[in-house]
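Student: Provided below for reference: sequence and predicted model.
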Amino acid sequence: MKLFDVYPLIPVTIAKAEGAKLWDENGQEYIDLYGGHAVISIGHTHPHYVKRIEEQLSQIAFYSNSVQIPIQKEYAQKLGELSGYPEYELFLCNSGAEANENAIKLASFATGKSGFIAFSGSFHGRTSGAVALTDNPKIVAPCNAREDFQILPWGDLEAVEEVLKENNTAGIIIEGIQGVNGIQVPSPAFLQGLASLCKKYKVKFILDEVQSGFGRTGRFFAHQLAEGVRPDIISMAKGMGNGFPIGGILISPEFKATYGLLGTTFGGNHLACAAGLAVLEVIEKEHLLENASTLGEKLLEGVKEISGITAIRGTGLMIGIDLDREAGPVRSELVNKYHMFTGSAAGKNTIRLLPPLNIGWNQLNSFLSALKEILSKSPSN
């Protein structure tokens with residue numbers, strides 16, 4: 001049996017990892033500037049992370065949510081403290097797409113309506129409801145298409161209000177920062193305007209922080225860069241578990257829980273919560289939000305000095321770089337010659353940077369030097 005071919009693969013086999021470093025099966029060292037799609041938040045094989053999981057594994061790895069699981073409450077308490085949402089409630093699941101599925105389901109239950117609004121360039125997942133709110137027709141199957149799910153222009157509050165006037169909208173969903181679309185940052189005014197419209201028309205405001213959460217932007221959640229924005233639901237995953245599958249939604253106290261409304265088999269299992277707690281503890285102890293903010297500013301300044309770059313977007317360690325040429329060959333050279341992993345984006349000229357939050361400046365500076373050298377050559381060479 002062979003694997004179903006769904007991804008174009010980099011011809012490298014990673015055998016070992018530590019911090020922001022990777023080694024292939026031949027012992028070649030690489031710098032990880034992509035963190036496996038923004039998943040690696042506290043660095044690969046962090047000692048505290050490994051210890052937490054090993055200790056939990058030696059006690060109990062899994063039992064269903066039909067019994068009390070104290071580590072879930074411990075995790076919820078710590079997450080509330082660090083995120084700034086102590087009064088919200090937590091539902092745990094397994095992935096970002098699943099988090100978004102539960103978010104839109106909960107909003108629909110609460111409002112009794114079926115319509116949702118997302119925005120151009122959005123990516124919310126590949127499962128049925130999440131993909132219907134994703135702006136990529138190539139991955140939306142006929143069975144996923146929903147007439148009352150609308151993709152509206154990015155930044156257009158007037159278009160949003162026109163749809164809301166039709167009175168069939170349950171919720172609006174937006175990424176804290178669009179990742180797949182090349183690190184598109186919503187303006188504070190846009191987020192604040194959406195929050196205001198949601199209150200005016202009594203619809204639920206959902207912030208998808210799957211890629212942009214857990215300190216990546218220098219704030220715990222990216223939307224916290226916009227003053228006064230308090231969404232009804234926040235979806236999370238990726239950096240939440242540092243590689244262990246875990247996702248979740250933070251739910252405003254305005255929602256009323258009902259048995260059977262949401263459910264999960266694997267969500268919030270003992271190992272997942274142990275991994276999640278380790279991430280929060282390291283973020284707090286090692287001041288990784290501050291590190292992401294400081295290094296992100298230096299990285300942006302360094303990129304601005306390189307010729308061959310047409311635009312730079314992002315904040316913290318979530319950066320999109322537009323080149324004056326296609327990014328594919330540049331990314332390949334970064335891997336093959338300079339031994340650095342970077343990410344792609346929807347735009348063919350865009351490089352995406354999502355490194356571990358504890359990466360060092362020397363590693364980022366090495367990337368700047370490599371990119372400068374590559375871009376100094378003609379694109380045809």
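Tutor: Cool, got the structure.
Student: over to residue 234. Which of the three states is it?
Tutor: Secondary structure, DSSP: H, G, I helix; E, B strand; the rest coil: residue 234 is strand.
Student: ok, and the closest non-adjacent residue to it?
Tutor: With sequence-adjacent residues excluded and distances taken as C-beta to C-beta, 6 or more residues apart in numbering, residue 234 is closest to residue 250, at 4.2 Å. No exception for glycine: its C-beta is placed from N, CA and C like everyone else's.
Student: the closest residue to residue 375 other than its chain neighbours: neighbouring residues, count only.
Tutor: In this structure, residue 375 finds its nearest non-sequential neighbour in residue 308, 3.2 Å apart by C-beta to C-beta, 6+ apart. Residue 308 has 17 neighbours, counted by other C-beta atoms under 10 Å.
Student: would you mark the buried spots in the host helix or strand of residue 23?
Tutor: Taking DSSP states H and E as the criterion, residue 23 maps to strand 21-24. Within strand 21-24, the residues that count as buried by 16 or more other C-beta atoms under 10 Å are 21-22.
Student: can you give the contact residues for the following helix or strand past it?
Tutor: Where DSSP H and E defines the elements, the next helix or strand beyond strand 21-24 is strand 29-32. With C-beta atoms under 8 Å, 6 or more residues apart in numbering as the test, strand 29-32 has contacts from 12, 14, 17, 20-24, 40, 44, 335, 339-341, 355-356, 359, 363, 366-367.
Student: okay, now the unreliable bits of this structure?
Tutor: Along the chain, the parts satisfying pLDDT under 70 run over 380-381.
Student: what about 80?
Tutor: The chain contains residues with pLDDT under 80 at 378-381.
Student: and for the residue nearest to residue 234, the neighbour number?
Tutor: 26.
Student: just checking, it touches residue 233?
Tutor: Yes. Residue 250 lies in contact with residue 233 (C-beta atoms under 8 Å); the separation is 6.9 Å.
Student: quick one: secondary structure of the residue nearest to residue 234?
Tutor: What three-state DSSP gives for residue 250 is strand.
Student: quick test: name the residue nearest the centre of the chain.
Tutor: Closest to where the C-alpha atoms of the chain average out (C-alpha atoms, centre = their mean) is residue 211, at 0.6 Å.
Student: residues near the residue nearest to that one when sequence neighbours are not counted, how many?
Tutor: Once flanking residues are discounted, residue 211 sits nearest to residue 179: 4.0 Å by C-beta to C-beta, 6+ apart. With neighbours defined by other C-beta under 10 Å, the count for residue 179 comes to 28.
Student: dump the residue contacts of residue 179.
Tutor: Residues near residue 179 by C-beta under 8 Å, 6+ apart: 38, 123, 211-212, 318, 345, 352, 354.
Student: so which of the residues you listed are in strands?
Tutor: 318, 352 (DSSP state E).
Student: all helices of the stretch 201-350 of the chain, in order?
Tutor: Counting by DSSP state H, counting those that start in this stretch, one finds helices in the stretch 201-350 of the chain at the ranges 270-285, 288-304, 327-336.
Student: phi, psi for residue 196 please.
Tutor: Backbone torsions of residue 196, given as degrees, to the nearest 10, read phi -70, psi -40.
Student: quick one: residue 272 and residue 243 touch, right?
Tutor: No. Taking contacts as C-beta under 8 Å, residue 272 lies outside contact range of residue 243: 11.2 Å.
Student: what is the neighbour count of the closest residue to residue 207 other than its chain neighbours?
Tutor: Spatial nearest neighbour of residue 207, chain neighbours left out: residue 231 (4.1 Å); criterion: C-beta to C-beta, 6+ apart. By the measure other C-beta under 10 Å, the count of residues near residue 231 is 28.
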